[in-house]
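predicted model and sequence follow; I will ask about them next.
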Amino acid sequence: MPSFCAVFGCSNRRNRENDRSYYRLPKVITHQGDQTKELSQARRDKWLSNIGRSDIKESSYEHIRVCSDHFVGKPAALYDKLNPDWAPTVKMGRPSDTENQQATPHSRYSRSVQRSTKMKQHEAATALLDLQKSGEVAATFEMTTNVETGTASQTTVDMKLYTAMEEEIMRLQSENAELKKACKAKQFDIDFFENDDEKVRYYTGLPNYPVLKSLYDYIETDIILHHKSVLDKFQQLILVLMKLRLNLANQDLAVRFGVSDSTVSRIFRNILGVLFVLLSPLIHWPEREQLKKTMPMSFREHFGTKVAVIIDCFEIPMECPSNLKARNETWSSYKHNNTAKYLIGITPQGVICFISDGHGGRASDKIITETCGLLNKLLPGDVILADRGFDIQDSVGSMCARLYIPAFTRGKSQLGALDVEQTRRIANSRIHVERVIGVVRQKYSILSANCLTIFLHQ
């Protein structure tokens, strides 16, 4: 059906005067809140009032069209209520519609635009003064208003203001990036772990949050915080524990905590040194009376109450040293790799009571045991359980102690019944130290990867 203008006295039709636009009667918007609904209803009523046709029924609202002859430009937006084109006002077919009267809403709107323009210029001037106070270059705005069309032209900015704004944007972008780094690091703060034992176990290897908090409280005063440090003391401790637990690369930790690779390396060395100094005294040799009172029944039945320590050596793979002598001394024929070797001792109760200084992987179990200071802790009558590689009977005997190791088949086709039983008992007891080593390796992945030489305590 051809569209025609509904304004009284206008004979324009779409199929005849096709150089004009034909606009529908605005709809009532019901799904964008009460304010929008009320305003859109008022606009529709204003259109119908200005059209002034009493013969138009509500059922035919869908077919009403108003041509562009009755607008200054085109229908204004819903919220631009002061615009004369918010409803049709031109040539509405009434005798009172003279050109002078039609000019009234247009002039009112022009004055409104001018007031708005002055307000924007005032706000721009205030902003420029603020920029000037902060060291930026002030600039001027140039704005022109097209009164005939009722629209403000685009604001132009001179080159100085553009440069100042560009510098300000770059500064804000840099500040935003720093804030993002700080926010990213915050995900590993104390609130991240509080009352969440699962996170504590996964990221640090410690059993629960109270233990982590106790560790932090114990070492906190000895951590030196750089005045430009992005991370607080707790986050630095977490970074080190995550490195030990998960063996994450420095680049990975740098991204997680929003710092540089060199910062990660520096924090790891510093906090590791603090942990070594403060936690090493917690590994101590127990008193004989304490051992006797708490001796497990399996040891009492087989060895009495004299077992003082179960010893074994474990090796940590390391990067190949550049020094040829160090490379030779750290080569382990057993591991077929350069390693650092440590002697570990545990009590019959399963508690670590001794860890030696590091030795090269080439050093024998005997050499390490005789030089690490463990023998000086023995008392007359003490018993040591060890593997066959610990050929230290003479050294232990010099301390009036005894060494139990599995029997050898030297010159024999097979072991005797007593030797077999003794070997079985020793093996069943020595499994405790192997389990301890296995648990430590499993809990802290860094012990299974090639360790940097600078992190090994000699």
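That came in fine, so what should we check first?

contacts for stretch 171-182?
Under the contact criterion Cβ atoms under 8 Å, 6 or more residues apart in numbering, stretch 171-182 has outside partners Val230, Gly258, Val259. C-beta here means a position set from N, CA and C on the backbone, and glycine is covered the same way.

export it as PDB, just CAs?
Output in PDB follows, covering the C-alpha atoms of stretch 171-182 (Å, rounded to 0.1, in the frame of the first residue of the first chain):
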ATOM      1  CA  ARG A 171      51.500   8.000  31.100                       C
ATOM      2  CA  LEU A 172      48.100   6.500  32.100                       C
ATOM      3  CA  GLN A 173      48.800   3.400  30.000                       C
ATOM      4  CA  SER A 174      52.100   2.900  31.800                       C
ATOM      5  CA  GLU A 175      50.500   3.500  35.200                       C
ATOM      6  CA  ASN A 176      47.700   1.000  34.200                       C
ATOM      7  CA  ALA A 177      50.300  -1.600  33.300                       C
ATOM      8  CA  GLU A 178      52.100  -1.200  36.600                       C
ATOM      9  CA  LEU A 179      48.700  -1.500  38.500                       C
ATOM     10  CA  LYS A 180      48.000  -4.700  36.500                       C
ATOM     11  CA  LYS A 181      51.300  -6.100  37.600                       C
ATOM     12  CA  ALA A 182      50.600  -5.300  41.200                       C
END
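
and it, how far out from the chain middle?
Here the centre of stretch 171-182 is set off from its chain's centre by 15 Å, with Cα atoms, centre = their mean, to the nearest Å.

and if you look at stretch 41-58?
60 Å.

contact partners of that stretch?
Stretch 41-58 is contacted by residues 6-8, 25-28, 64, 66, 78, 86-89, 92-94 when judged by Cβ under 8 Å, 6+ apart.

okay, and which of the residues you listed map to strands?
Filtering the contacts of stretch 41-58 for membership in strands, criterion DSSP state E, returns Val66.

among the contacts of stretch 41-58, which ones are buried?
Ala6, Val7, Leu25, Pro26, Ile64, Val66, Trp86, Ala87, Pro88, Thr89, Met92 (16 or more other Cβ atoms under 10 Å).

ramachandran angles for the last one?
Backbone dihedrals for Met92, given as degrees, to the nearest 10, come out at phi -90, psi 10.

my guess is it meets His70, correct?
Yes. Using Cβ atoms under 8 Å, Met92 is in contact with His70, at 6.5 Å.

shared neighbours of the two, anything?
Contact criterion Cβ under 8 Å, 6+ apart; residues bridging Met92 and His70 by contacting each: Val7.

nearest to Thr369 among the contacts of stretch 171-182?
Val259 (42.3 Å; Cβ to Cβ).

give me the three-state assignment for that closest one.
Reducing the assignment to helix, strand or coil with DSSP: H, G, I helix; E, B strand; the rest coil, the entry for Val259 is coil.

which residue comes closest to it once chain neighbours are left out?
Leaving aside its sequence neighbours, Val259 sits nearest to Val230 (Cβ to Cβ, 6 or more residues apart in numbering; 5.6 Å).

hmm, Ser260 and that neighbour touching each other?
No. Contact status for Val230 versus Ser260: not in contact, 9.6 Å apart, counting by Cβ under 8 Å.

higher neighbour count, those two?
Neighbours were counted for Val230 and for Ser260 using other Cβ atoms under 10 Å; Val230 has more, 16 against 13.

ok, now how distant is the more buried one from Asp191?
The gap separating Val230 from Asp191 is 17 Å, by Cβ to Cβ, to the nearest Å.

before we move on, what about Asp55?
From Asp55 over to Asp191 (counting by Cβ to Cβ), the distance is 72 Å.

next one: Tyr23
The value you get for Tyr23 to Asp191, if Cβ to Cβ is used, is 58 Å.

these two: who's more crowded?
With other Cβ under 10 Å as the criterion, Tyr23 and Asp191 differ in neighbour count, and Tyr23 comes out ahead with 18 against 11.

so which strand or helix has that one?
With elements delineated by DSSP states H and E, Tyr23 resides in strand 22-24, which encompasses its position.

closest one to Pro296 out of the buried ones among the contacts of stretch 41-58, please.
Ranking these by separation from Pro296, with Cβ to Cβ as the measure, puts Pro26 on top at 90.1 Å.

which stretches of the stretch 1-150 of the chain form helices?
Secondary structure of the stretch 1-150 of the chain (DSSP state H, counting those that start in this stretch): helices located at 34-51, 99-133.

any idea of the mean pLDDT in the shortest one?
Mean pLDDT, taken over the full extent of helix 34-51, equals 87.

can I get it as PDB, trimmed to CA atoms?
Once non-C-alpha atoms are left out, helix 34-51 reads as follows in PDB (Å, rounded to 0.1, in the frame of the first residue of the first chain):
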ATOM      1  CA  ASP A  34       9.900   3.300  33.200                       C
ATOM      2  CA  GLN A  35      11.600   6.600  32.300                       C
ATOM      3  CA  THR A  36      12.100   5.500  28.700                       C
ATOM      4  CA  LYS A  37       8.500   4.200  28.500                       C
ATOM      5  CA  GLU A  38       7.000   7.500  29.800                       C
ATOM      6  CA  LEU A  39       9.200   9.600  27.500                       C
ATOM      7  CA  SER A  40       8.400   7.500  24.400                       C
ATOM      8  CA  GLN A  41       4.700   7.700  25.200                       C
ATOM      9  CA  ALA A  42       4.900  11.500  25.500                       C
ATOM     10  CA  ARG A  43       6.700  11.700  22.200                       C
ATOM     11  CA  ARG A  44       4.000   9.600  20.400                       C
ATOM     12  CA  ASP A  45       1.300  11.800  22.000                       C
ATOM     13  CA  LYS A  46       3.100  14.900  20.900                       C
ATOM     14  CA  TRP A  47       3.200  13.600  17.300                       C
ATOM     15  CA  LEU A  48      -0.500  12.800  17.300                       C
ATOM     16  CA  SER A  49      -1.300  16.200  18.800                       C
ATOM     17  CA  ASN A  50       0.800  18.100  16.200                       C
ATOM     18  CA  ILE A  51      -0.700  16.000  13.400                       C
END
